[in-house]
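1. build me a model:
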Amino acid sequence: MKKQGIICGVLSATLFGISGILASILFRNQNINPEWLVGVRMSLSGIILLIVLFCFSGRRVFEIWLNKKDVVLIILYGIVGVLLAQSSFFLSVYFGDAATAIILQSLGPTIIVILLSLATRTLPSRLDIWSILIALTGVFLLITNGNINQLVVNSKALFWGILSAFGLAAYTLIPKPLLEKQSPLVVVAWGLLVGGTAENFFHLIWYIPSQVSTKDWIIMVFIIIAGTLLPYALYVMSLSQLKPTTASLLSTIEPMVATLLSVTLLHVHLRMFQVVGILFIISTIFLISLPLERIFKKRLSDPKIN
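-> Predicted structure coming up:
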């Protein structure tokens, strides 16, 4: 079972990484707006996943709307968590590249540690502090290549990439009470649909851009199915068979895949200190994942933050 869980985790991270690369290719068509793509991706993914879940679980998929607190949480999760993480990530890809966007989003676990420390009014552990310092150093090297007088990363890509890390943190923390009584896939499905619906107030998905080629449509279908539905399902399957720490370590494959494909397929040029910065940021996921399970059990059980 553990081997199957590892395979699911690896495939999930790989598909997420490939999805970012395909988004980079898609945005070469100037007519395709990243916010529109996010609305399409989230809305259709949520609808398809809910239909599948309804076929297996029936009306139980709607139970999440029977409790007022759950309703508030799923709306917050869909907008502040899923939508913020997805829209800011794709905007970072749009203004920069997939590798940079995914690396910056990988700061999410570091932000989680900081937020939990603030919420519980406790100092981070020594290992957490080292992880934060290493992550900040990694970001500095990634965006400056070691030269404080220049930015080698587009400032808009940097802003949206860091914002996506905050979205990832919200995506992780907000649904905790829901996951104690609901299927993870049900929570994800409603989060996608709520977030996609909110995005549609600003960018209607049925306003299809002009001059979208067959190749673009194929890429979009892949992003929706193989870049959203499958990796989410595989990740949930991996969590059911692996410890959260192991699943967190497997997530480091995503930025590695994105970086490798960006260099080989998209010919993104990374300088020496940028590579060092990327390694620093990825290493923090390893460091933070060591005490992460203990932190969650201790801090999230604290009545001050519940």
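
2. okay, and the helix or strand of the chain with the least pLDDT?
-> helix 244-250 (a mean of 64; mean pLDDT, DSSP states H and E).

3. what's the next helix or strand after it packed up against?
-> Counting by DSSP states H and E, the element after helix 244-250 in chain order, helix or strand, is helix 253-264. Judged by 3 or more C-beta pairs under 8 Å, 6 or more residues apart in numbering; DSSP states H and E, helix 253-264 is in contact with helix 2-26, helix 98-105, helix 272-299. Where you see a C-beta, it was placed from the backbone N, CA and C, and this is true even at glycine.

4. please report how far residue 185 lies from residue 196.
-> Distance of residue 185 to residue 196, given as C-beta to C-beta, to the nearest Å: 16 Å.

5. okay, those two: which has more neighbours?
-> residue 196 (24 against 21; other C-beta atoms under 10 Å).

6. so what's the more buried one up against?
-> 38-46, 83, 205 (C-beta atoms under 8 Å, 6 or more residues apart in numbering).

7. check residue 257 too.
-> By C-beta under 8 Å, 6+ apart, the neighbours of residue 257 are 13-14, 17-18.

8. if any of those residues are buried, give me the PyMOL selection for them.
-> Applying 16 or more other C-beta atoms under 10 Å to the contacts of residue 257, the buried members can be selected in PyMOL as follows:
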select buried, resi 13+14+17+18
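
9. tell me which helix or strand the residue positioned nearest the centre of the chain sits in.
-> By C-alpha atoms, centre = their mean, the chain has its centre lying nearest to residue 168, at 5.2 Å. Secondary-structure assignment from DSSP H and E places residue 168 in helix 155-173.

10. could you give the separation of the helix or strand that that helix is followed by from the chain centroid?
-> For helix 155-173, the succeeding helix or strand toward the C-terminus, using DSSP H and E, is helix 176-179. Per C-alpha atoms, centre = their mean, to the nearest Å, the displacement of helix 176-179 from the mean C-alpha position of its chain is 18 Å.

11. and the next element down the chain from helix 176-179?
-> helix 184-200.

12. give me the secondary structure label for residue 269.
-> coil (DSSP: H, G, I helix; E, B strand; the rest coil).

13. against residue 262, how distant is it?
-> 10 Å.

14. between these two, who's got more neighbours?
-> residue 262 (24 against 8).

15. shaky segments in the stretch 101-250 of the chain?
-> Counting by pLDDT under 70, the stretch 101-250 of the chain has low-confidence residues at 239-240, 243-249.

16. before we move on, the earlier item: to residue 224, which of the helices and strands packed on helix 253-264 lies closest?
-> Taking C-beta to C-beta, helix 2-26 is the member of the helices and strands packed on helix 253-264 nearest to residue 224, at 9.4 Å.

17. can you tell me which helices and strands whatever helix or strand comes next after the closest one packs against?
-> Downstream of helix 2-26, the next assigned helix or strand under DSSP H and E is helix 34-57. In this structure, helix 34-57 packs against helix 2-26, helix 84-95, helix 184-200, helix 214-224, helix 230-241, with contacts taken as 3+ C-beta pairs under 8 Å, 6+ apart.

18. highest average neighbour count across those helices?
-> Comparing the helices and strands packed on helix 34-57 by mean neighbour count (mean count of other C-beta atoms under 10 Å), helix 84-95 ranks first with a mean of 25.

19. what's that helix packed up against?
-> helix 2-26, helix 34-57, helix 98-105, helix 155-173.

20. cheers, nothing more for now.
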